[in-house]
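Student: Starting from these lines, generate the structure:
(2 chains)
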Protein chains: 2
Amino acid sequence: MIQEDSERLTYSIIGTGALGGTYGIKLANAGSTVHFLAHNDYFYIKENGLRLDSVDGNIHLKDVLVFKESIDLPRSDVVCICLKTTQNMQLEAMLKPLVRQDTVLLTLQNGLGIEEELQSMFPQAIVAGGLCYLGANKVGKGHIRHEALGQIVLGVLHPERDSTAAMRIIADLKRAGIAIEFAEDLIKERWKKLMWNIPFNGFSVILNSATDKIIMNSGMKQLCRELMQELIVGAGACGYRIENEYADELIRLTEKLVPYKTSMMMDFENKRHMEIQYMFRIPLKKAKERGVLMEKVQLLEAILSFIDTSMVD
Amino acid sequence: MIQEDSERLTYSIIGTGALGGTYGIKLANAGSTVHFLAHNDYFYIKENGLRLDSVDGNIHLKDVLVFKESIDLPRSDVVCICLKTTQNMQLEAMLKPLVRQDTVLLTLQNGLGIEEELQSMFPQAIVAGGLCYLGANKVGKGHIRHEALGQIVLGVLHPERDSTAAMRIIADLKRAGIAIEFAEDLIKERWKKLMWNIPFNGFSVILNSATDKIIMNSGMKQLCRELMQELIVGAGACGYRIENEYADELIRLTEKLVPYKTSMMMDFENKRHMEIQYMFRIPLKKAKERGVLMEKVQLLEAILSFIDTSMVD
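Tutor: Got it, this is the predicted structure:
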């Protein structure tokens, strides 16, 4: 429940990795109450605190409100979900003790369909989503390196009802120095982000290459454009109209980007399972339900699924 | 010119690798006159001969008619082209001293469009092609290991005119114990072979996997089927009607095949350039000229071209 009496909201960060660490540390450093959930690093963080080496300035958070189990987390207004989506099968049980009437569930994860799943698990919650453009890595126990970018595009699943809650979160994040933008249409923004994520995450793993090599290759650049085009058609079938020019814009942006290792490539290199379900399969399913076969996206999905399965062998 | 006075034809083998070695040694061992062109192994073969360790029995050919330059090769009835197609830019110059009126140019290479290129380079030649189903490797200087299969499907570019020449070659190859079949429609057979080569060569490199792992993965099996389907449409547009059932047959065949490393995978592992031009780009071009975009084939081509370019970096 949003505490109307206090200016600031309280936060719980589910997953103190690169993503949850960067934003949680910044929020706490700016004076918000932030509870961190950490498994492997729990004892280390309890003793040594959290460190963020950030392009925006370094922070050492000494006394961290850190917890090992979600059931021990104090009540918070906003529960930020910062796990990899490959762990989402655990979400319902983890979040259950934390969700009351009007608790905000803010997923900062990649992909499509997460907000809808959260809302159906917890009808009493306010569901929000943030699209994070963040270059950060966990470099050691309780130690995050934030190397580039950091902006969030944030929206709510039911804007007509829940925009006030979104605005209060946005105010807190701004106070923490985080560049943030309100998305009128969160799910449309998710489709737009997929237009980048699907080609570049996919090909970075398949080709074992950072974005610069992919975009500099004319055949691959053309393919990326075609994948983006398929996604525009898929999004359109689902009711989200994206202009063709947006694909050109993404191509230009990527051409100017510093050589960038995608999150999926980092997962692959670290032998973690890849986020294929929410980034590929759910968009494919949603488009297919509306009669659109995104055939090239499907081809990438099959290749990545094969790689993901082989990885654990 | 086919020597009508002698029962047997004489042969020159251009490229004494796994392919040229296996068939050339078998022919010579069965009594045909066979001249071998060898670059790197020339001196070794001259001194030590050629060895074939074959599932059909081992052969040590002691006195080998081996030559270092094509210009030194004696006149032969049949010039067998056994190089990788990645070297085909050298073919015209290499073959020029060897081709007279009615010389048979027999390409045993993989892919599409080679016969047409040979015919336009050498209008005076009889152009033949053989589709080889051969599991063989070069294991050392002048030393080939033939591990499985070995059959050839052989045809001529102009059957109405040149079938007699084909039949004489077939007779020689049969005498050498090589399973051989006459193709009424050589180019149609090439499209049919592409239906296997494109998915399995392509994915074996992209997924770094032998055929068994690919075919056992349900997503990949489905994709292979879809690629075969595209090729049926492409072949159809070019005037070669292939039944849909042939795709099912290839899938079943591959399911039963022993784990098989494709030739493109072997090239990739040995850091040789891959045969993308004749196996992917020319079929794509021919279909496109008839208005058919084989989009999934195109996607594989772009990925493989990227990999091929990166390989040399």
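
Student: who touches the closest residue to chain B within the stretch 101-250 of chain A in this structure?
Tutor: Using Cβ to the nearest Cβ, residue A:219 is the residue of the stretch 101-250 of chain A that sits closest to chain B, at 3.8 Å. Backbone N, C-alpha and C define where each C-beta goes, glycine included. Going by Cβ atoms under 8 Å, 6 or more residues apart in numbering or on different chains, residue A:219 touches B:301-302, B:305-306.

Student: Equivalent analysis for residue A:224, please.
Tutor: Contacts of residue A:224 (Cβ under 8 Å, 6+ apart): A:199-200, A:203, A:214-215, A:251, A:254.

Student: which of the residues you listed are buried?
Tutor: Neighbour counting over the contacts of residue A:224 (16 or more other Cβ atoms under 10 Å in any protein chain shown) leaves A:199-200, A:203, A:214-215, A:251, A:254 as the buried ones.

Student: how much space between residue A:27 and chain B?
Tutor: 41 Å (Cβ to the nearest Cβ, to the nearest Å).

Student: Which pLDDT value goes with that residue?
Tutor: Reading off the confidence values, residue A:27 has pLDDT 98.

Student: now the host helix or strand of it, how far from the centre of its chain.
Tutor: Per DSSP states H and E, residue A:27 falls inside helix A:18-29. Computed by Cα atoms, centre = their mean, to the nearest Å, the chain-centroid distance of helix A:18-29 equals 14 Å.

Student: Give me the nearest residue to residue A:191, chain neighbours excluded.
Tutor: Of all residues not flanking residue A:191 in the chain, residue A:235 sits nearest, at 3.9 Å (Cβ to Cβ, 6 or more residues apart in numbering or on different chains).

Student: thought that neighbour was touching residue A:244?
Tutor: No: the pair residue A:235 and residue A:244 fails to qualify as a contact (Cβ atoms under 8 Å) at a distance of 11.7 Å.

Student: give me the subset of the contacts of residue A:219 touching chain A.
Tutor: Applying Cβ under 8 Å from any Cβ of the partner chain to these, one finds that B:301-302, B:305-306 fall near chain A.

Student: Tell me, how many residues neighbour residue A:69?
Tutor: 11 (other Cβ atoms under 10 Å in any protein chain shown).

Student: Also residue A:102?
Tutor: 13.

Student: From the centroid of chain A, which residue is nearest?
Tutor: residue A:109 (2.5 Å; Cα atoms, centre = their mean).

Student: Helices of the stretch 101-250 of chain A, residue ranges please.
Tutor: All helices of the stretch 101-250 of chain A, identified by DSSP state H, counting those that start in this stretch, fall at A:114-121, A:159-175, A:186-206, A:211-216, A:218-237, A:245-256.

Student: tell me the most buried of those helices?
Tutor: helix A:186-206 (a mean of 24; mean count of other Cβ atoms under 10 Å in any protein chain shown).

Student: Give me the distance from that one to the chain's centre.
Tutor: On Cα atoms, centre = their mean, the centre of helix A:186-206 falls 12 Å from that of its chain.

Student: Spatially nearest residue to the closest residue to chain B within the stretch 1-150 of chain A (excluding sequence neighbours)?
Tutor: Nearest residue of the stretch 1-150 of chain A to chain B (Cβ to the nearest Cβ) works out as residue A:86 at 17.7 Å. Nearest non-adjacent residue to residue A:86, counting by Cβ to Cβ, 6+ apart: residue A:273, 4.5 Å away.

Student: so who does the one you found touch?
Tutor: Counted by Cβ under 8 Å, 6+ apart, residue A:273 has contacts A:84, A:86, A:267, A:308, A:311-312.

Student: which of the residues you listed count as buried?
Tutor: Going by neighbour count (16+ other Cβ under 10 Å), these have A:84, A:86, A:267, A:308 buried.

Student: which phi and psi does the last one have?
Tutor: Right, residue A:308. Backbone torsions of residue A:308, given as degrees, to the nearest 10, read phi -60, psi -40.

Student: how close does the nearest residue to it once chain neighbours are set aside get to chain B?
Tutor: Excluding the flanking residues, the one nearest residue A:308 by Cβ to Cβ, 6+ apart is residue A:274, at 5.1 Å. Residue A:274 sits 14 Å away from chain B when distances are taken as Cβ to the nearest Cβ.

Student: I figured residue A:274 was touching residue A:265, is that so?
Tutor: No: assessed by Cβ under 8 Å, residue A:274 is found out of contact with residue A:265, at 9.2 Å.

Student: Show me the common contact partners of those two, please.
Tutor: Counting by Cβ under 8 Å, 6+ apart, the residues touching both residue A:274 and residue A:265 are residue A:205.

Student: surely residue A:228 meets residue A:248?
Tutor: No: here residue A:228 lies out of contact with residue A:248, judged by Cβ under 8 Å, at a distance of 9.0 Å.

Student: between those two, what contacts are shared?
Tutor: Joint contacts of residue A:228 and residue A:248 (Cβ under 8 Å, 6+ apart) do not exist.

Student: Just the element for residue A:43, please.
Tutor: Secondary structure here is read from DSSP H and E; on that basis residue A:43 sits in helix A:42-48.

Student: For chain A, give me the ranges with low pLDDT.
Tutor: For chain A, applying pLDDT under 70 flags the ranges A:1-6, A:312-313.

Student: For it, what lies in contact range of chain B?
Tutor: Checking chain A against chain B by Cβ under 8 Å from any Cβ, the hits are A:203, A:206-207, A:209, A:213-214, A:217, A:219-220, A:222-223, A:226, A:295-296, A:299, A:301-303, A:305-307, A:309-310.

Student: quick one, phi/psi of residue A:34?
Tutor: phi -130, psi 130.

Student: Just give the number of residues close to residue A:96.
Tutor: 12.
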